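*Asks:* Model the structure of this input:
(one chain, ligands or ions: 1)
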Amino acid sequence: MSELHKLTANQLKQEYKNGKTTPQGAMQALLERIEKIEPKVKAFAHLPERCLAKRCQAPLTQKIDRFEVPGTFLHGIPVAIKDNICVKDELTTCASKILEGFRPPYDATVIEKLRNAGAILFGKTNMDEFAFGSSCENSCYYPTRNPWDTARIPGGSSGGSAAAVAADEVTMALGSDTGGSIRQPASLCGVVGLKPTYGRVSRYGLIAFASSLDQIGPITKDVSDAALLMNVIAGHDERDTTSADVAVPDYIKSLTKNVKGLKIGIPKEYFIKGIDPEVKSAIEIAVKVLTDLGAICKEVSLPSTEYAVSVYYIIATAEASSNLARFDGVRYGYRHQGEASMIDMVANTRGDGFGAEAKRRIILGTFALSSGYYDAYYLKAQKVRTLIKRDFDEAFKKFDCIITPTSPTAAFKIGEKTSDPLSMYLSDIFTISANLAGIPAMSVPCGFTKDNLPIGMQILSKPFDEETIFRTAFTYEQNTQWHTRKPKL
Ligand code: GLN
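*Replies:* Predicted coordinates:
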């Protein structure tokens, strides 16, 4: 197989098993691909060569024979890591100047699990600073570009991970999702992205944005690879107090190619004015495909949907302002030099270290939490959050899963929304509710616009029922060809 960079993790494993190549060979193919493509895409914040942990290199040339042994599922598979997930001794900067030069003294739990599974940690991917954004333009390094059209954004904030996978610069990747940051870039780049149930995957070692919303999840070339990666990263972790002690099923077993009798809700509130007609029609066709395969698709109402964006931007900024208080120039990364007093040093470090969007969020969040306004904003937002969750509880009494578009539009042009934060915030209108309700949601490719830009379909289900999502997504994928298209780069 000469084009190893194009393979999914499952295909690569098969190549290893058949002795056709070694992890060393796959890595070489990806490094060559990166050399050729990366100047156009800029998916990485820190390139893989610098991130290859020594201890990974010894077994790479060996033939691998322990494929199906639990814990070795990803042996020799290159996985790129979003730059807000701590990898011991490797640059981890959240694409922010304030974390310049920061190398964590420990691994995040997901990284520990990847290492134990034999994965190759393959570079740190670019992102919006501290995961604030929907376009990857808020990085302190450079904007990442969409592999389908390099004049356009890849989505965000995990835009680097999605672009790297879509451009075949890496086999699979991890992202994080607070309001859509895995699903929206996956949708815009034509790959698969899953935000697991809140508490399903440990957040230990994920640099916090909004602690009650953040989840780490897979970004992959197809649904089977997402199941594979979830098998490795999911599970209870004592080091994360919000991690759920709920048994983890074998997700590969839910890849059954059968949706007969499955009840799917289509929320009418998601087909609003402003949604691109091409996106709307792609979703309608996808629903028809599932109906033809035996699913029962019916309209459902999620009446509190219209409040989701407002609620999210109060809760997310409030939590972010609190989480970002720790970056003071004393403990991590960058420190402004030359001040005589500590107060001035902290002020100048933060003033110089944070980008414009981070400052906007810190100010908004601090305001929402300030005495006199707390009840009017933060408390009220928490109450409405409960209403949003109840909408889903009600819907899931009647339906096994819900289908919506992932994003109201396909990828937009670089620079198109940078001067209008509000219109940028609206890119997440369809993804935010899942974070507020804590439920799992996946984006799968479901079509292309006339301009050859990918469109994604979002599948949501009950807490800890990722299996229904995998089943629905896999059945859909096996009956369509969207995931096999590749961008011309
Ligand atoms: N785009 C949303 C925001 O800017 C969501 C980001 C995320 O999920 N990290 O907050």
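*Asks:* Phi, psi for residue 79 please.
*Replies:* Backbone geometry at residue 79, expressed as degrees, to the nearest 10, gives phi -130, psi 120.
*Asks:* tell me which element the closest residue to the ligand within the stretch 251-400 of the chain falls in.
*Replies:* Taking Cβ to the nearest ligand atom, the ligand has its nearest neighbour within the stretch 251-400 of the chain at residue 316, 5.5 Å off. The way it works is simple: take the backbone N, C-alpha and C, and place the C-beta from them, glycine included. Counting by DSSP states H and E, the element that carries residue 316 is helix 308-323.
*Asks:* next one: residue 281
*Replies:* Assessed by DSSP H and E, residue 281 sits inside helix 277-292.
*Asks:* What residues does the one residue in the stretch 351-489 of the chain that gets nearest to the ligand make contact with?
*Replies:* The minimum distance from the stretch 351-489 of the chain to the ligand, using Cβ to the nearest ligand atom, falls at residue 428 (4.6 Å). Contacts for residue 428 (Cβ atoms under 8 Å, 6 or more residues apart in numbering) come out as 134, 179, 180, 184, 309, 312.
*Asks:* what about 10 Å?
*Replies:* Each residue near residue 428 by Cβ atoms under 10 Å, 6 or more residues apart in numbering is listed here: 133-134, 155-156, 178-181, 183-184, 308-309, 312-313, 316, 406-408, 435.
*Asks:* Please apply the same query to residue 356.
*Replies:* Neighbouring residues of residue 356 by Cβ under 10 Å, 6+ apart: 129, 132, 138, 418, 421.
*Asks:* The same query, at a cut-off of 8 Å, please.
*Replies:* Contacts for residue 356 (Cβ under 8 Å, 6+ apart) come out as residue 138.
*Asks:* and it, how far is that from residue 415?
*Replies:* Note on residue 356: its distance to residue 415, by Cβ to Cβ, to the nearest Å, is 14 Å.
*Asks:* number of nearby residues for residue 392?
*Replies:* Counted with other Cβ atoms under 10 Å, the neighbours of residue 392 add up to 26.
*Asks:* tell me the SS of it?
*Replies:* Recorded secondary structure, residue 392: helix (DSSP: H, G, I helix; E, B strand; the rest coil).
*Asks:* list the helices and strands the helix holding residue 281 packs on?
*Replies:* Other helices and strands packing on helix 277-292, by 3 or more Cβ pairs under 8 Å, 6 or more residues apart in numbering; DSSP states H and E, are strand 263-267, strand 296-300, strand 401-405, strand 441-448, strand 454-461, helix 466-478.
*Asks:* For my notes, please list these in JSON lines and give distance to the ligand and mean pLDDT for each entry.
*Replies:* Formatted as JSON lines, the helices and strands packed on helix 277-292 follow (distance: least, Cβ to the nearest ligand atom, whole Å; pLDDT from 0 to 100):
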{"stretch": "strand 263-267", "distance to the ligand": "20", "mean pLDDT": "98"}
{"stretch": "strand 296-300", "distance to the ligand": "24", "mean pLDDT": "98"}
{"stretch": "strand 401-405", "distance to the ligand": "16", "mean pLDDT": "98"}
{"stretch": "strand 441-448", "distance to the ligand": "12", "mean pLDDT": "98"}
{"stretch": "strand 454-461", "distance to the ligand": "14", "mean pLDDT": "98"}
{"stretch": "helix 466-478", "distance to the ligand": "18", "mean pLDDT": "98"}
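*Asks:* need those in CSV with distance to residue 48 and mean neighbour count, can you?
*Replies:* Below are the helices and strands packed on helix 277-292 laid out as CSV (distance: least, Cβ to Cβ, whole Å; neighbours: other Cβ atoms under 10 Å):
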stretch, distance to residue 48, mean neighbour count
strand 263-267, 40, 20
strand 296-300, 42, 15
strand 401-405, 33, 25
strand 441-448, 25, 28
strand 454-461, 25, 28
helix 466-478, 28, 24
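*Asks:* all strands of the protein, in order?
*Replies:* Listed in chain order, the strands of the chain (DSSP state E) span 44-46, 78-82, 120-125, 172-177, 192-195, 215-220, 263-267, 296-300, 401-405, 441-448, 454-461.
*Asks:* In JSON lines: the helices and strands packed on helix 277-292, plus distance to residue 363.
*Replies:* What follows is these, written out as JSON lines (distance: least, Cβ to Cβ, whole Å):
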{"stretch": "strand 263-267", "distance to residue 363": "33"}
{"stretch": "strand 296-300", "distance to residue 363": "38"}
{"stretch": "strand 401-405", "distance to residue 363": "32"}
{"stretch": "strand 441-448", "distance to residue 363": "30"}
{"stretch": "strand 454-461", "distance to residue 363": "31"}
{"stretch": "helix 466-478", "distance to residue 363": "36"}
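*Asks:* closest one to residue 223 among those?
*Replies:* helix 466-478 (4.6 Å; Cβ to Cβ).
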